[in-house]
Structure formats: structure tokens, C-alpha cells
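Colleague: Fold the following for me, if possible:
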Amino acid sequence: MTYAKQKTELKLVISIGANTPGILGDPIRTIAVMRPQIEKSIIEWNIALNRPQIHTQNIDKSLSFEWAPLFETDPLGGPIDQPRFINTVLVVEGEGFASVTPNKKAAICLMKKFLELEKIAGRERENTEVFWGPRSLDIDFISWGGLQINTEALILPHPRLSERNFVLIPLAEVLSKAQGKPKRINSQNIWPE
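Modeller: Reported below is the predicted structural model:
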């Protein structure tokens, strides 16, 4: 039996969350205001990776930005009295990634752009006394194709992805747009779940 050769998926998966007001407003407003800035940063990063193979005026059309709905979730870890989080996921793919092989240098460069955006939204990372504490914006780089890296600056894929419903559920929403949602069937006492 032969199988069709699978095309390598070069999707970027990014998780975005917030649970405290920042300089841009409440968490929902902060995420909404930062949404175009996140897309712009990814476009600029992609242009820098692809020069001179692509025309900069077409790069935004060669990328697909698929956003999940917003979800309200309980904090995971950190202080028990912190507010609930607002979370979403962004999946980026498209022809604009066709000529770029996922690599450590480019991934770390993109993560630095995300850290700059967090700072614009008022996040202070200097306070390391509280781990997994409240934040005005949190942008986590979850994965880029099959890239695996483990550095002080970035680990891909995200090491705790399978423990994060606030990533998995929004990610499933995005992926189900393209693939269609599975239909739940009644077990008729054959399957207890």
C-alpha cells in the first residue's frame, strides 16, 4: 500500500492571555488592541526572513491569521487570589512560510518581538518574585512546524502544552474551522464515556 506524501506543516501557534488591567485597558481590550500589533510583528518578522524572495506588498496576503474565540479560564499555578484569565490562540500559516525552514535563530527573534509587545501592553517581567502571577499580557510561542529547541530564551514546542486547556481548547476551535468539528455519537451503553 502506498500513501500520499504529506506536506510538512509550517504553522505558527501562539497563545495570548491576560488577567489584569494594563495601560491599554482591561484584559479583553488589551488583547483586542494588541491583535493587529501581533499580526504586524509576525508580518515584519516574516518579511525579514524571506527577503528578497517575496514582494513586501504581498506578504500580508500570503499569510493566514486564524484567531480562536476568547475564553475565560481559571489561573493555573501562581497566587490563588489572582483574577481569571482571558485567553485566545493564533494559528499562522500560508505561502509566506514556504521558503523558510523553521530554525532556532528565527524563532528566538520572533519571541523577542512578542516580549516587546508585552512591554508595550504594560507587562513588567522584572518582578520574578511571583511565578505565574497576574499579567496584563502574556504571549507564549507554542510551536512552529516540527521545530524543537531548548534554550534559556525559548523552548519549542511549549513544554507544558498538554497541561494547558487554555491553549488546547482555543487551538481545537481554530483547527476545527479548517477540518470541521467531529460529531459526538451516543454510545448506547457500549462506551461508558
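Colleague: Show me which helix runs longest in the chain.
Modeller: Longest helix of the chain, by residue count under DSSP state H: helix 27-50.
Colleague: Hmm, L161 and I142 touching each other?
Modeller: Yes. Using Cβ atoms under 8 Å, I142 makes contact with L161 at a distance of 6.1 Å. Backbone N, C-alpha and C define where each C-beta goes, glycine included.
Colleague: more crowded one of those two?
Modeller: I142 (21 against 16; other Cβ atoms under 10 Å).
Colleague: Could you report the separation of the more buried one from N50?
Modeller: I142 sits 22 Å away from N50 when distances are taken as Cβ to Cβ, to the nearest Å.
Colleague: How many residues are close by S176?
Modeller: For S176, using other Cβ under 10 Å, the count is 12.
Colleague: now R160: how far from G25?
Modeller: Using Cβ to Cβ, one gets 28 Å for the distance from R160 to G25.
Colleague: Then S64?
Modeller: 28 Å.
Colleague: how about the helices in this structure?
Modeller: 27-50, 59-62, 104-120, 165-179.
Colleague: Output those helices as TSV; include the columns distance to N150 and mean pLDDT.
Modeller: Below are the helices of the chain laid out as TSV (distance: least, Cβ to Cβ, whole Å; pLDDT from 0 to 100):
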stretch	distance to N150	mean pLDDT
helix 27-50	21	92
helix 59-62	30	61
helix 104-120	10	93
helix 165-179	19	84
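Colleague: any chance of these in a markdown table, plus distance to T73?
Modeller: Listed next are the helices of the chain as a markdown table, based on distance: least, Cβ to Cβ, whole Å:
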| stretch | distance to T73 |
| --- | --- |
| helix 27-50 | 11 |
| helix 59-62 | 30 |
| helix 104-120 | 19 |
| helix 165-179 | 4 |
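Colleague: nearest to N186, of the ones you listed?
Modeller: Minimum separation from N186 across the helices of the chain (Cβ to Cβ) falls at helix 165-179, 20.5 Å.
Colleague: Restrict that closest one to CA atoms and write it as CSV.
Modeller: Extracted in CSV, the C-alpha atoms of helix 165-179 (Å, rounded to 0.1, in the frame of the first residue of the first chain):
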residue,chain,number,x,y,z
ASN,A,165,-6.6,23.6,28.5
PHE,A,166,-6.5,27.4,28.0
VAL,A,167,-4.3,26.6,24.9
LEU,A,168,-5.7,23.3,23.8
ILE,A,169,-9.4,24.3,23.7
PRO,A,170,-8.9,27.5,21.7
LEU,A,171,-6.5,25.7,19.4
ALA,A,172,-9.1,23.0,18.8
GLU,A,173,-11.6,25.7,17.9
VAL,A,174,-9.2,27.1,15.3
LEU,A,175,-8.3,23.8,13.8
SER,A,176,-11.9,22.7,13.7
LYS,A,177,-12.7,25.6,11.4
ALA,A,178,-10.5,24.1,8.7
GLN,A,179,-11.2,20.4,9.4
